[in-house]
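Turn this into a structure:
(3 chains)
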Amino acid sequence: MARVDVLMPQMGESIAEGTLSKWLKKLGDDVKRDEPLFEISTDKVDAEIPAPSAGTLVEIKVQEGQTVPVQTLVAVLETEQGAAASPPPPAAGPPAPKAEPAPAAKPPTAAPVRAAAATALLPRPSSPVPPKGDGAETAEERLRRRSTPLVRKIASEHQLDISQISGTGFAGRVTKQDILGFIEQAPAAAPAATGPRAPLPGGGAVVHPAADPWPGDRVEPWSKIRRITADHMILSRRVSAHVASFFEIDYSRVALLRARFKAGYAERGVNLTYLAFIVKACAANMRKHPIVNAAVSGESTIHRRDVNIGIAVALDWGLIVPVVKHADELSLLGIARAINDLGERARTKKLSPDDIQRGTFTITNPGGFGPYAGIPIINQPQVAILGVGTIEKRPKVVTQDGTDAIAIRTMGMLTMSYDHRVVDGADADKFLADVKATLQDFPEQEM
Amino acid sequence: MGEVTFLEALRQGLSEEMERDDRVFMLGEDIGAYGGAFKVTDGFQQKFGAARVIDTPISEAAIVGAAAGAAHMGMRPVAEMQFIDFISCAYDMLTNYVATARYRAGLATPIVVRGPCGGYVRGGPFHSQNPEAAFFHTPGLKIVYPATARDAKGLIKASIRDEDPVIYLEHKWLYRRIKETLPEGEEILTPLGQARLAREGKDLSVITYGATVWKALEAADQVEKEDGLAIEVLDLRTLLPLDDAAIMASVKKTNKALIVHEDTRTGGLAGEITARINEQAFEWLDAPIMRVTAHDVPLPYAPTLEDFVLPQTEDIVKAARWLAEY
Amino acid sequence: MPPHSVPDTRADSSAIPAELERPQLLEMYRYLRVTRVLEERLVALYRQSKVIGGLFRSLGQEGESVASAYALERGRHRDILSPLIRNLGSMLVMGARPIEILRQYMAKAESPTGGRELNVHFNDLEKGYLGQISHLGDMVPVMAGITLTFKLRGEARVGLVYVGDGATSTGAFHEGLNFAAVQRCPLVVIGEYNHWAYTTPPEKQYAVKDLADKAKGYGIHAVTVDGNDVLAVYTATRYAVERARRGKGVHFIEVKTYRRKGHAEHDDQSYQPKDEIERWAAENDPVDRYVKQLVANGWAEESELAEIDRAAKEEIDQATDACVNEPLPQPETALPGVYAHPPAAERLWYRGL
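Residues are numbered from 1 along each chain as shown, chains lettered A, B, ... in the order given. Sure, this is the predicted structure:
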């Protein structure tokens, strides 16, 4: 009999803590080696953590919902084999403080400052548990996240998150030149991560007022993702001057094309949705109206080079926004495939940190059970978000040969919330008008 | 003195030491009357006499053993292996007797065992060897391997003066192929244990010795012209003891290391150097440490086979490019 | 090419020694002539840069090489010899073909070693020759092992190994000979006293006068013979071989001869007195002496010998023409055969880039 320690893994170079979101096994259960044991959630991704060896779960040290520093002892397995290689629980790391708003001048890290300082310059043995839930990380993936000793050293000295920096080396890894170039170029304002993550200026920490539960009520503490989302929503409304424009779209032509080409796309493994057409139309018109693809930083506007369209996905456990990168360079097929893939991976918790970063514009589509129209909240630090209203058949006045008649058309509303600090009404409306035109006269050659 | 070849510089060094110090004498096959198979000791017997330039039987073990005995008695013998490939016949004397003499018995054994090594000459398996790895793991021995004419002279003089036994490897392909003008009026001594920066650069450290120093320099020229890469070439010169400080200084500067040697891959010195860089400069590495070596086969004779087995300039170019892109 | 078979029409010929017959005398002559012609061809090729690496002639030593080998039982799985650089003649006697030697010297892909080893360093254990490595003396312990096996298996086979005077100074020679002697291996050692170990004369090589004196120190039977007298060498070797075959252990035959060329073709022989070389050439060439002996005793006609000369030249010409333009080995053939398993060494990583 031997006892095997199970630790909170480190899911990324700059991660200092993790929340145990769900136990998949209970005390006394037998587990096989590599069988999923529990789920964690971090600032980056959620993941299933596999058992380091076969055995029986004999001790649970961390409860669901608890957030602990990486390498904390989470559970103990009892195994038949002789002493497996289980590292002793390390000296307690610094307690992870809540995310504090960083002053504008500093590049943000996902981990708080103190935990970053704990990342020593001396080499540290890597975690015995594979960082990805399925334990199938390739060398290339590892290189992308961790790069080389030299780059990690530089990143640590400057408190940078390697995965924030674009890499030009082998397998997309960040090279010495990449990180040094990044440090040189990074202005006082930081390229803040997109997604409901980074703490933001503009009002101090978000405090959610308390309310009293009554008998019979069930109090459910927020999951990490829920808390991050809640904070972000408040901050976003504080920071941006939200204004909304509503456009009514006649999707009849799109419906026609969709009906005609759906089977052909399905043969190629792609589900062709209205959303794909909408994304394509937005991407196609973004270059003509770059202001809706921008970001605000302090008192500057960042004009983004790339068009990366995030698609908000509502999951059982919260909201996540995976990003279709370089959407303006993809065909309709490519976009549809990307949406399918990202959605699938979001649902199965297989998104990588890279999938949810660097969005420049967001589209939120509640789908069939959604409202006629909504007013979405902008995804900081972007300046616009497009909400897609329900698409259904409605009566519409059409004019043929000078005569007005009522026809049945497939219709839906598009609502764009935008930040009036930098996007004027005319900018927003011109963009939407072009999007509408593209959708209503969708070119067949784009199929 | 003008321009001298590697061989002439070696000869000068030997001659100067013979003149300077009566205790220095030489022994080997065909070195006296004939002046040596490669003419390294041409004219020595006439100049220094047959007692100091001894033609021996074909007996490498006896040559080394006798040198050791003479060294115990205060002499400074320089023993030649006609081809360094035959040093294997003296392996027992060198590793069991000579290397351990000071440690176990307080017996100083300042001998130099020298001989022509290396390939690229279509000499086949027994006239092309690089034996340094066989002796590298033997505490008590020193090993030097000059790449330039200047160091051929400087290292033989320093080796003869060294208090410990030194194996001096002279690459036969370099003998007549490289020339250098040596400065006049100064004594040329190359300290043991000190590497030499053959070429400065910032993108990659090529750590090497012997004939491959020249191939590395060729490769460096090529990639500078064609790719704009600035490669640093470190000529180790002394293999045992290694100049860790110079190796680490270079790697810490360029953050990428490529070790090149003519010896085989498995068990060659590149493995040891890699381990040391890993221990002393891990945090400075922006790429894995790679090596360019001979293939793990006995060295074949036919030109096409030898060229395939041994490392060539083109191999260094390819490896450098791969590392640059990493 | 099969040996000549000439009917004996001279009823009054002097008795041929050592139980040899006329066709055998002519056969030996043929081997001598082929050796010499082949080496001359190799010199030409060397000067034409077609031979790669060094060229080592046996000029002046063909007699002892051919005659000693001729005394062995030849054929498949019979006696085995291990030649040195200057025993090309012995290899031809055991069945090596001129084209194989040409290919070896020219590093051709089709050479017996696939271009991996040079000059006569190749072998055919079935035909009965085991080529050397450059480390002198090493073949003696190896042949001790081979002949030990003959003994252990009860086979009536004999081994023969050549050593030069220089090689007798090596540790391997001493250990190998001592081991063979104490084991009473059926081994005949031909000690070639050819006056020059590279540039080292015998008085610098050892303190005895004759090599045979050394051999006595091992407790074995030793004789000294005129190495340039073909029939004397044959007779002495035959005697030793037959004794060894009967279980009488190791025999040492010192053959006094002379190395008429340098250590190798690139050696200018400046250390060899010119008159010495000329004297041996003029007065003591083994092939010339043999020819004189054959003719004088009526054992061969000059016309027969001339025909053998012509045929030898033709054989060498044909062999040369057949292989001189053959290709060198393909580079990747350098990798297989280091071990039985795995079958080939790995190609290094950057060769695939």
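
can you map out the helices along the stretch 151-300 of chain C?
Remark: helices assigned in the stretch 151-300 of chain C by DSSP state H, counting those that start in this stretch are C:171-183, C:202-205, C:211-216, C:230-245, C:274-283, C:286-296.

would you put the C-alpha positions of the longest one in PDB?
This means helix C:230-245. Taking C-alpha atoms only, helix C:230-245 is exported to PDB below (Å, rounded to 0.1, in the frame of the first residue of the first chain):
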ATOM      1  CA  VAL C 230      61.300 -20.000 -54.200                       C
ATOM      2  CA  LEU C 231      61.800 -23.700 -53.900                       C
ATOM      3  CA  ALA C 232      63.700 -23.300 -50.600                       C
ATOM      4  CA  VAL C 233      60.800 -21.400 -49.100                       C
ATOM      5  CA  TYR C 234      58.400 -23.900 -50.500                       C
ATOM      6  CA  THR C 235      60.300 -26.800 -49.100                       C
ATOM      7  CA  ALA C 236      60.700 -25.300 -45.600                       C
ATOM      8  CA  THR C 237      57.100 -24.300 -45.400                       C
ATOM      9  CA  ARG C 238      55.900 -27.700 -46.700                       C
ATOM     10  CA  TYR C 239      57.900 -29.400 -44.000                       C
ATOM     11  CA  ALA C 240      56.600 -27.100 -41.200                       C
ATOM     12  CA  VAL C 241      53.000 -27.300 -42.400                       C
ATOM     13  CA  GLU C 242      53.100 -31.100 -42.500                       C
ATOM     14  CA  ARG C 243      54.500 -31.200 -39.000                       C
ATOM     15  CA  ALA C 244      52.000 -28.800 -37.700                       C
ATOM     16  CA  ARG C 245      49.200 -30.800 -39.400                       C
END
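
What segments of chain A are helices?
A:113-118, A:139-146, A:149-157, A:176-185, A:224-239, A:252-267, A:274-286, A:332-347, A:425-440 (DSSP state H).

Would you mind getting the angle between the second one and helix A:149-157?
By that I understand helix A:139-146. Helix A:139-146 and helix A:149-157 meet at an angle of 30 degrees, taking axes from the mean of the first three to the mean of the last three C-alpha atoms, to 10 degrees as the criterion.

Also the last one?
Between the direction of helix A:425-440 and that of helix A:149-157, the angle (the same axes, to 10 degrees) works out to 140 degrees.

tell me what helix A:425-440 is packed against?
Here helix A:425-440 touches strand A:242-250, helix A:252-267, helix A:274-286, strand A:403-419, going by 3 or more C-beta pairs under 8 Å, 6 or more residues apart in numbering or on different chains; DSSP states H and E. Using the backbone N, CA and C atoms, a C-beta is placed for each residue, glycine as well.

wait, which of these is closest to B:Leu299?
helix A:252-267 (59.2 Å; C-beta to C-beta).

Run the chain-centre distance for that closest one.
Averaging C-alpha positions (C-alpha atoms, centre = their mean, to the nearest Å) puts helix A:252-267 29 Å from its chain's average.

try stretch A:58-66
27 Å.

quick one: buried residues of it?
Within stretch A:58-66, the residues that count as buried by 16 or more other C-beta atoms under 10 Å in any protein chain shown are A:Ile60, A:Lys61, A:Val62.

Quick one: mean pLDDT over the helix or strand that contains C:Thr149.
Secondary-structure assignment from DSSP states H and E places C:Thr149 in helix C:139-153. Averaging pLDDT along helix C:139-153 gives 95.

Pull the residues that contact that helix.
By C-beta atoms under 8 Å, 6 or more residues apart in numbering or on different chains, the residues outside helix C:139-153 that reach it are C:80, C:82, C:84, C:130, C:132-133, C:156-161, C:163, C:167, C:172-173, C:175-177, C:179-180, C:183-187, C:189.

List buried members of the residues you listed by neighbour count.
The buried subset of those (16+ other C-beta under 10 Å) comprises C:80, C:82, C:84, C:130, C:132, C:157-161, C:163, C:167, C:172-173, C:176-177, C:179-180, C:183-187, C:189.

if we can go back for a sec, okay, the helices and strands packed on helix A:425-440, which one's buried deepest?
Highest mean neighbour count of those: helix A:274-286, a mean of 23 (counted as mean count of other C-beta atoms under 10 Å in any protein chain shown).

Would you mind getting the angle between it and helix A:425-440?
130 degrees.

who touches helix A:274-286?
Contacts of helix A:274-286 (C-beta under 8 Å, 6+ apart): A:251, A:254, A:257-258, A:292-293, A:307, A:309, A:311, A:324, A:327-328, A:330, A:332, A:335-336, A:339, A:361, A:363, A:365, A:386, A:388, A:391, A:412, A:414, A:431, A:434-435, A:438-439, A:442, A:446.

Determine which of the helices of the stretch 151-300 of chain C approaches B:Pro57 most closely.
Counting by C-beta to C-beta, B:Pro57 lies closest to helix C:202-205 out of the helices of the stretch 151-300 of chain C; the figure is 4.9 Å.

which residues touch A:Pro36?
By C-beta under 8 Å, 6+ apart, A:Pro36 lies in contact with A:Leu24, A:Glu48, A:Ile49, A:Pro50, A:Ala51, A:Gly133.

What separation do you get for it and chain C?
From A:Pro36 across to chain C, the span is 38 Å (C-beta to the nearest C-beta, to the nearest Å).

I'd like to know the beta-bridge partner residues of that residue.
Taking DSSP bridges, one obtains A:Pro50 as the residues bridged to A:Pro36.

okay, it: pLDDT?
Predicted confidence (pLDDT) for A:Pro36: 84.
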